[in-house]
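>>> No sequence on hand, only this structure:
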């Protein structure tokens, strides 16, 4: 049982301490991937192809693929895609 390691310790070891640039980069990439999976899940729920979604927002199908893989997600495009999928997007203070 003494070999157990908590998530915080693991993250510190793999990506650096909280506040470091490497840790911040990891968090940003993880959040981007999380958001991309929400879009992908919603698209599939609506039974819309990547091509159809791309046509709705005036982009090419490969762009949708990159977004769904968390590779190219700009805020303006995220909002555009979310709206095309019938998702509401809002920012609220914490």
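Good, I have the coordinates. Computed from a predicted model, the values in this text were never measured in an experiment.

>>> What segments of this structure are helices?
7-15, 21-45, 50-57, 61-68, 75-84 (DSSP state H).

>>> The third one - what's its average pLDDT?
In this model, helix 50-57 has a mean pLDDT of 97.

>>> try the last one
Taken as a whole, helix 75-84 has a mean pLDDT of 90.

>>> Which residues outside it are in contact with it?
Applying Cβ atoms under 8 Å, 6 or more residues apart in numbering, the contact partners of helix 75-84 are 35, 39, 53, 56-57, 59, 64, 67, 88-89. In short, each C-beta sits where N, CA and C put it, glycine included.

>>> And stretch 50-64, end to end?
Taking Cα to Cα, to the nearest Å, stretch 50-64 runs 6 Å from one end to the other.

>>> Check stretch 64-72 too.
9 Å.

>>> and that stretch, which residues are buried?
64, 67-68, 70 (16 or more other Cβ atoms under 10 Å).

>>> go on, stretch 83-94?
84-85.

>>> and if you look at stretch 50-59?
50, 53-54, 59.

>>> before we move on, back to that, to residue 94, which of the helices of the chain lies closest?
helix 21-45 (14.6 Å; Cβ to Cβ).

>>> got the angle for the closest one vs helix 50-57?
Per axes from the mean of the first three to the mean of the last three Cα atoms, to 10 degrees, the angle that helix 21-45 makes with helix 50-57 is 100 degrees.

>>> Quick one: distance of helix 21-45 to the chain centre.
2 Å (Cα atoms, centre = their mean, to the nearest Å).

>>> ok, now stretch 84-94?
Chain-centre distance of stretch 84-94: 14 Å, with Cα atoms, centre = their mean.

>>> where are the low-confidence patches of the protein?
The chain contains residues with pLDDT under 70 at 1-2.

>>> if we go to 90?
The chain contains residues with pLDDT under 90 at 1-13, 31, 70-78, 88-92, 94.

>>> one step back: could you work out the most separated pair of the contacts of helix 75-84?
Those two in the contacts of helix 75-84 that are separated most widely, counting by Cβ to Cβ, are 59 and 88, at 20.8 Å.
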